[in-house]
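1. Below is the sequence, then the predicted model.
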Amino acid sequence: MKSAILITYDQEDSINEAKGLCDAAGYEVVHIIQQDYLQKPKYGISGGVLERLEEIADKLRPEVIIFDEILKPSQNYNLASALHREILDREGLILEIFESRASSAESKLQVKLAQLRYEMARAKEKVRLANMGEQPGFMGIGKFEVDVYYNDIKHRMQTLRSKLEKAGKQRELHRQGRKRLGFKTISLAGYTSAGKTTLFNKVTGESRAQSKELFTTLTTTTRRLTINQEPFLIADTVGFISKLPAYMIDAFKSTLEELTYTDIILLVIDISDSVFELKKKFSSCMRTLSELGVEQDKIIYVLNKDDLLKQDEIDRKINILNLAENKKVISVSAKTGKNVNELKKLIKNITMSQNSYNFNKNSFEGAKETFGN
């Protein structure tokens, strides 16, 4: 593993998540610097903290400095120049994990597109600085090479988008095929490491790789599931995470858009998280689902890991999430199987009510055509 110094916020959940990301990307954290603010204009950190970081880096000689915030290209450049080491910000770190986990041809294309989009923002900065003449030869690249580099990125992104559009059309054909066969579809969504894959395995009898590491799933996997003799198709999807920039969601759009076409979404929530983490992750999931255009009526809130808490604590957290009045909330343990059968019954009941709604709606539409308004 490569050694790294981690700069993150001075909150326990932020430290744990940042360490989890480092571990998932294959970095051994040899020292942590905690700060309450990481968005200072020049370096992200203050000059005093930078001096302390220089001393620690000279002593420990880490291969990488990992900055748990999104850095502007100029901030990254300033830090790299001052510390003479590679600087990896939160976006770059997540992209490295994505790259190592991508297994299907489509997910590899999606990751490549996100990497190029990340690089394009930096190429723009290189062009801007080179044009201003403030730093000719910025990062060793002259103006002519920068222009060629920038245009090359644009061209490669266009090629990848064309390939992903074709993959999207193929998905559309698959969806139409499932619809013709009468399959109802279920999709698992949730913050990364909430236990989606464990729940997927429990309800399908599969044995997909599951771990406490972040981003176990990057490629959508679909399996058949039978509930009371009715066949369903259930899909595991990529996990969400906070501060995931819009372009990364856009890069995975062809995978995530399945959530907008599915009949039921199981939003898996780790109810054993601290209240702060719970609220932050829940808010992040709901924001991402909203950005994707998912209808809230389709969502079942699955509170996973309830074997780790007493019922009154679960009830308290349900109230905190404002879900006490929601009829589509269920606590389960994907690990022990507790309430998994009740979850299947809930899925069945909701799809029956959807059928009833569609039947009544179609009857109403038919009546309108027959009798007019």
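-> Sure, I can see it.
2. Run a quick neighbour tally on Pro41.
-> 9 (other CB atoms under 10 Å). Yep, even glycine has a C-beta here, placed from its N, CA and C like the rest.
3. For it, give its distance to Gln75.
-> Separation of Pro41 from Gln75 (CB to CB, to the nearest Å): 8 Å.
4. What score does the spatially most central residue of the chain have for pLDDT?
-> The residue lying closest to the centre of the chain (CA atoms, centre = their mean) is Phe240, at 2.6 Å. Looking at Phe240, its pLDDT stands at 83.
5. Which helix or strand contains the closest residue to it other than its chain neighbours?
-> Closest residue to Phe240 apart from its sequence neighbours, by CB to CB, 6 or more residues apart in numbering: Thr288 at 4.8 Å. When elements are assigned from DSSP states H and E, Thr288 belongs to helix 275-292.
6. What is that helix packed up against?
-> Judged by 3 or more CB pairs under 8 Å, 6 or more residues apart in numbering; DSSP states H and E, helix 275-292 is in contact with helix 12-25, strand 184-190, helix 246-251, helix 258-261, strand 264-270, helix 311-320.
7. is it possible to export these to JSON lines including distance to Arg61, mean neighbour count and mean pLDDT?
-> Shown next, in JSON lines, are these (distance: least, CB to CB, whole Å; neighbours: other CB atoms under 10 Å; pLDDT from 0 to 100):
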{"stretch": "helix 12-25", "distance to Arg61": "17", "mean neighbour count": "19", "mean pLDDT": "90"}
{"stretch": "strand 184-190", "distance to Arg61": "39", "mean neighbour count": "24", "mean pLDDT": "92"}
{"stretch": "helix 246-251", "distance to Arg61": "32", "mean neighbour count": "18", "mean pLDDT": "77"}
{"stretch": "helix 258-261", "distance to Arg61": "45", "mean neighbour count": "18", "mean pLDDT": "86"}
{"stretch": "strand 264-270", "distance to Arg61": "37", "mean neighbour count": "25", "mean pLDDT": "96"}
{"stretch": "helix 311-320", "distance to Arg61": "44", "mean neighbour count": "14", "mean pLDDT": "97"}
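8. okay if I get those as JSON lines plus distance to Glu277?
-> Output for the helices and strands packed on helix 275-292, formatted as JSON lines (distance: least, CB to CB, whole Å):
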{"stretch": "helix 12-25", "distance to Glu277": "4"}
{"stretch": "strand 184-190", "distance to Glu277": "13"}
{"stretch": "helix 246-251", "distance to Glu277": "21"}
{"stretch": "helix 258-261", "distance to Glu277": "23"}
{"stretch": "strand 264-270", "distance to Glu277": "8"}
{"stretch": "helix 311-320", "distance to Glu277": "11"}
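9. closest one to Asp236 among the ones you listed?
-> strand 184-190 (5.1 Å; CB to CB).
10. could you give the angle of the helix or strand just after that closest one to strand 264-270?
-> Counting by DSSP H and E, the next helix or strand C-terminal to strand 184-190 is helix 196-204. Angle, helix 196-204 to strand 264-270, by axes from the mean of the first three to the mean of the last three CA atoms, to 10 degrees: 130 degrees.
11. buried stuff in helix 196-204?
-> Within helix 196-204, the residues scored as buried using 16 or more other CB atoms under 10 Å are Lys196, Thr197, Thr198, Leu199, Phe200, Asn201, Lys202, Val203, Thr204.
12. Might one say that Met248 is in contact with Gln115?
-> No: counting by CB atoms under 8 Å, Met248 stays clear of Gln115, with 10.0 Å between them.
13. show me where the protein has helices.
-> Along the chain, counting by DSSP state H, helices occupy 12-25, 47-60, 73-83, 90-101, 105-132, 143-180, 196-204, 246-251, 253-256, 258-261, 275-292, 311-320, 340-371.
14. could you dump the ones you listed to JSON lines with distance to Lys328?
-> Formatted as JSON lines, these follow (distance: least, CB to CB, whole Å):
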{"stretch": "helix 12-25", "distance to Lys328": "27"}
{"stretch": "helix 47-60", "distance to Lys328": "46"}
{"stretch": "helix 73-83", "distance to Lys328": "43"}
{"stretch": "helix 90-101", "distance to Lys328": "30"}
{"stretch": "helix 105-132", "distance to Lys328": "30"}
{"stretch": "helix 143-180", "distance to Lys328": "23"}
{"stretch": "helix 196-204", "distance to Lys328": "16"}
{"stretch": "helix 246-251", "distance to Lys328": "24"}
{"stretch": "helix 253-256", "distance to Lys328": "21"}
{"stretch": "helix 258-261", "distance to Lys328": "16"}
{"stretch": "helix 275-292", "distance to Lys328": "14"}
{"stretch": "helix 311-320", "distance to Lys328": "12"}
{"stretch": "helix 340-371", "distance to Lys328": "7"}
